[in-house]
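Asks: Show me how the following folds:
(one chain, ligands or ions: 1)
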Amino acid sequence: MDKVFSRPRSIKDTLMHYCPGCTHGIVHRLIAEAVEDMGLEDTTIGIAPVGCAVFAYNYLDFDFIQAAHGRAPAVATGVKRVLPEHTVFTYQGDGDLAAIGTAEIVHAAMRGENITVIFVNNAIYGMTGGQMAPTTLVGQRSTTCQKGREAKVSGYPIRVSEMLSQLDGACYIERVACDTPAHVRAAGKAIRKAFSAQVEERGFSMVEVVATCSTNWGMNPQEALVWLKENMLPAYPLGVYKSWKDAGS
Ligand SMILES: Cc1ncc(C[n+]2csc(CCOP(=O)(O)OP(=O)(O)O)c2C)c(N)n1
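Replies: Numbers count the residues shown, from 1 in each chain. Next comes the predicted model:
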């Protein structure tokens, strides 16, 4: 009988700290599958963020460094420049990447650093108890905007993929989601493509994954997936925002 499902070798057999319904685990698995399929297990270095995924190294069996809040692109820049033969990726939430780390990510993309960024956008600061993030939707409730985010007070959500795709140093930017099996498959494909951009030395690549945080959204896991589809996807349209093929190179 053909084996159709198993745990990737580089996902460690360990207890998860993520909440039920959290989609970080799906994204971890997609990274492990992509790295293994591409034969990069022994030469991949991950940079873990602050936030719930600070413990990514407990699950992914690659070399890892944990960076301070928002500094993962700077750490990845240093690692990649010293070890150009390695595949270097950052794994960052929206609080990490789009709040304190905004300058870091913009400048890493502008410089065309040959790194891959996996950006998990759950529209909230998950680990610290559900505060508003730059990506929180207008009207979405959080502990720091209990009646819903008001644009007049807190501004509008940052669309990171759209913003970074304007920069010449970025070679591949795609936004995907992990709410349905079809979307998860597409997300896996995008992550492979982002790593292949790095292997081909094309410059900065990023995959934004629209994700859930059922605990801090105050929903059960199924409600969170429906909320993602109905509220996150209209605000964060899926698709390829930039590809080196579009750029004609
Ligand atoms: C330099 C620094 N500033 C602030 C914090 C506090 N902090 C830890 S996690 C976090 C929010 C992370 O949210 P996000 O990046 O969206 O990740 P999630 O937990 O939702 O996966 C904050 C503010 C910190 N650990 N370090």
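Asks: Would you quantify the distance from residue 121 to the ligand?
Replies: Computed as CB to the nearest ligand atom, to the nearest Å, the residue 121 to the ligand distance reads 8 Å. Every C-beta, even on glycine, is put in place using the N, C-alpha and C of the backbone.
Asks: residues contacting that residue?
Replies: 93-94, 98, 135, 160, 208-211, 232, 236 (CB atoms under 8 Å, 6 or more residues apart in numbering).
Asks: can you rerun that using 7 Å?
Replies: 94, 135, 208-211, 236 (CB atoms under 7 Å, 6 or more residues apart in numbering).
Asks: of all the residues you listed, which comes closest to the ligand?
Replies: Closest approach between those and the ligand, by CB to the nearest ligand atom: residue 94, at 4.4 Å.
Asks: Surely that closest one is in contact with residue 135?
Replies: Yes - using CB atoms under 7 Å, residue 94 makes contact with residue 135 at a distance of 4.2 Å.
Asks: anything in contact with each of the two?
Replies: Contacts common to residue 94 and residue 135, judged by CB under 7 Å, 6+ apart, are 121, 123.
Asks: now the helices: where do they sit in this structure?
Replies: Counting by DSSP state H, the chain has helices at residues 24-37, 56-59, 72-82, 94-95, 102-110, 151-154, 160-164, 181-199, 214-217, 221-227, 233-235.
Asks: okay, these, which one's buried deepest?
Replies: Ranked by mean neighbour count, the helices of the chain are led by helix 94-95 with a mean of 28 (mean count of other CB atoms under 10 Å).
Asks: Looking at the contacts of residue 121, spot the one nearest residue 45.
Replies: residue 209 (20.1 Å; CB to CB).
Asks: Name whatever forms a beta bridge with that closest one.
Replies: residue 120, residue 176 (DSSP bridges).
Asks: picking that back up, the helices of the chain: which one's closest to the ligand?
Replies: The ligand lies closest to helix 94-95 among the helices of the chain, at 2.7 Å (CB to the nearest ligand atom).
Asks: what does the closest one rub up against?
Replies: Contacts of helix 94-95 (CB under 7 Å, 6+ apart): 51, 121-123, 125, 133-135.
Asks: which residues sit in contact with residue 82?
Replies: So residue 82 contacts nothing (CB under 7 Å, 6+ apart).
Asks: now swap in residue 135 and tell me
Replies: With CB under 7 Å, 6+ apart, residue 135 has these contacts: 94, 98, 121, 123, 157-158.
Asks: my read: residue 227 touches residue 218, true?
Replies: No - the criterion here is CB under 7 Å, and residue 227 misses it with residue 218 at 9.9 Å.
Asks: what residue is smack in the middle of this protein?
Replies: By CA atoms, centre = their mean, the mean C-alpha position of the chain lies nearest to residue 119, the distance being 2.0 Å.
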